[in-house]
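S.K.: Everything below, folded, please.
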Amino acid sequence: MKKALDAWAKRAKSEGYRSRASYKLLEIDKKYQLISKSQIIFELGSAPGGWSQVISKNKKNDCKCISIDILDMEEIEGIDFHKLDLYSDEFKKRIENYSNSVDLILSDMSVNLSGIKVVDEEGNKDLNLFCLGISKQMLKPDGALLIKSFNNSNLLYLKKEFEKLFTNVYIEKPLASKTSSAEVYLLGLILK
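M.R.: The predicted structure follows:
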């Protein structure tokens, strides 16, 4: 198990990616071509920048990508990074101009784990619902939302919430995800 994790980390380092998470997005994007089809992308919770690097390398030249995190992130070519709290008034103002115009919203966010299972699960559920809520406001009719979630008691509920909003809903478990982790990715395609 540890060898597999080390292999992903070593590969990320040798290929210049900031985190092993890059391979999760690369695998999902290879299957669905989310990035290359997009003109406007929002990435929520972008630090340290592994997903932003994948977006930068795979987006069209004229694609605009806005990445947001409460933490600092080193600059990445072609990525418009903003250090913002997603729950702030400043973030709400920033997204006002993007009503029904975004092709893709991505999030690899998770709450800072407390070690208390029910608290962590509810916190992550709230993050997922936040992303789902802003996707209603921001996405184009043929837009997509890809977010990290967890295979726990909330997953069925979250999948049903996705199915209310999207025509096609998928649960993905990329190879670079830890086998022992409950981490999965929820993907919604085409608004109803």
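
S.K.: State the number of residues packed around R94.
M.R.: 15 (other CB atoms under 10 Å). In this view, the C-beta of every residue, glycine as well, is placed from N, C-alpha and C.

S.K.: same deal with Q33?
M.R.: 10.

S.K.: heads up, I number from 29, so please use that
M.R.: In the new count, where the first residue is 29, that last one comes out as Q61.

S.K.: any idea how far K88 is from it?
M.R.: Q61 sits at a distance of 12 Å from K88 (criterion: CB to CB, to the nearest Å).

S.K.: hey, where'd the helices end up in the chain?
M.R.: Listed in chain order, the helices found in the chain under DSSP state H are 30-42, 49-60, 78-86, 117-124, 145-166, 183-193.

S.K.: For L54, give me its contacts.
M.R.: V82 (CB atoms under 8 Å, 6 or more residues apart in numbering).

S.K.: again, but for the one 10 residues further on
M.R.: Shown in contact with S64 (CB under 8 Å, 6+ apart): 57, 86-88.

S.K.: rerun at 6 Å
M.R.: The contact partners of S64, by CB atoms under 6 Å, 6 or more residues apart in numbering, come to none.

S.K.: Same question for D57.
M.R.: I63.

S.K.: now swap in S163 and tell me
M.R.: Applying CB under 6 Å, 6+ apart, the residues near S163 are 133, 173.

S.K.: same for the top strand by length along the chain, what does it pack against?
M.R.: Ordering each strand of the chain by length in residues (DSSP state E) puts strand 167-178 first. Under the contact definition 3 or more CB pairs under 6 Å, 6 or more residues apart in numbering; DSSP states H and E, strand 167-178 sits against strand 130-135, helix 145-166, strand 211-219.

S.K.: Could you identify which of the ones you listed is most buried?
M.R.: strand 130-135 (a mean of 25; mean count of other CB atoms under 10 Å).

S.K.: Identify the bridge partners of the residue nearest the centre of the chain.
M.R.: Against the mean C-alpha coordinate of the chain, by CA atoms, centre = their mean, the closest residue is S135 at 1.9 Å. Counting by DSSP bridges, S135 is bridged to L72, I175.

S.K.: Give me the pLDDT for it.
M.R.: On pLDDT, S135 comes in at 97.
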